[in-house]
Structure formats: structure tokens, C-alpha cells
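K.L.:
give me a 3D structure for the following:
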Amino acid sequence: MRRLYFLVPDIPSGKKVVDELLLARIEWKHIHVIAKRGTPLEDMPEASHWQKSDVVPALQRAIPVGGATGLLCGLVGLALEPHLIVAGGGILLATSLAGVGVGAYLGGMVGLNVGNTRLKAFEQAVEAGKLLFIVDVPLQRVQEITERLRRTHPEVDPQGTDPRVFP
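P.N.:
So this is what the prediction gives:
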């Protein structure tokens, strides 16, 4: 899946874009709209906290760091207690998994409280009253969907894609 970003000028245009995406067989759950605070989206799908926060990138950074820290702690523990070398593999596995768990928990907590860094580029446009559409589409349909929206809705401003999105 790829994540497409589009800026749409207003609510009536946004409704038409949602209809066009549904006609293109993009599922409702893959369409996310962000608007200025207080703007009623009416019957358009509002972006959830997952799209608005930095949870996934934070997890992608925190899990490897937590695992490496756990492994390092296990190695230090084995160096300090050499008689435990027989159970060394299990100790290293346990400390690494504990590190991954702690890293995932702490990274997730931090990510939930940090706004999505990718959306920073769109803050001014959204505050000016435009709608930001975030649409998740299969890789092979990126060009098709972008061209379809350009053709049927010239007021839509494509803003690029993110390389990979997990469904």
C-alpha cells in the first residue's frame, strides 16, 4: 500500500472527491480527511489518531533500540556472572525480548503524544481552510488514482506519496 496526499479547497469539493474515490473502489476505511479544527466534515471520513500521530514511526525507531539495549544488558549480566554462561542463550533471548517490549511500550507512548511529522508540511494549508486527504491505495493503483482525480477534479492538488503503509 502507498499513502497518497491531496489538498482539496473546500467541503463541497471534498464530498465529490470522496464519491470519486469510492467509485474507483477505494474502501471507506482507506480514505482519511483532516480539516481545520472545528470544521464539520459532515459525511466524510475523518482521520483517526493513527493518521494524526507518529505512533508507527516511533515504534519503528524504538523497537530496534529496545532490543539492542536488552541484548547489551544480557551480555553485561553474563560478564558479571560467568557461572550463568550455561543458560546464556536463554538469558540473552529473555533480555532482548524484554528490551523490545519496553521499547515498543515507550515508543508507542511517545508516538501517541507527538503529531505526525509528515503532516507538518500541510499545517498552513489546513489552517487556511483546505482539506487534506490521506488515501491508502495498492502500489499498482497509485498512478491510476492520481490521474483519475486530476482528470475529474482539477481543483485537487496532489502532494505526493509515502513509500509504504501497512494495511
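
K.L.:
tell me the domain ranges of this structure?
P.N.:
2-52+118-162, 55-112 (automatic domain parsing).

K.L.:
and the contacts of the lowest-mean-pLDDT helix or strand in the chain?
P.N.:
Lowest on mean pLDDT, DSSP states H and E among the helices and strands of the chain sits helix 49-52, with a mean of 75. Outside helix 49-52, the residues that touch it by Cβ atoms under 8 Å, 6 or more residues apart in numbering are 32, 34, 56, 112, 115-116, 119, 134. (C-beta placed from N, C-alpha, C; glycine too.)

K.L.:
what about the strands in the chain?
P.N.:
Secondary structure of the chain (DSSP state E): strands located at 2-8, 31-34, 131-137, 157-162.

K.L.:
specify the stretch among the ones you listed that is closest to P64.
P.N.:
Across the strands of the chain, the minimum distance to P64, taken as Cβ to Cβ, is reached by strand 157-162, at 20.2 Å.

K.L.:
low-confidence stretches in this structure?
P.N.:
Within the chain, the ranges that satisfy pLDDT under 70 run 115, 164-167.

K.L.:
what ranges do the helices span in it?
P.N.:
11-23, 49-52, 55-80, 88-112, 123-127, 142-152 (DSSP state H).
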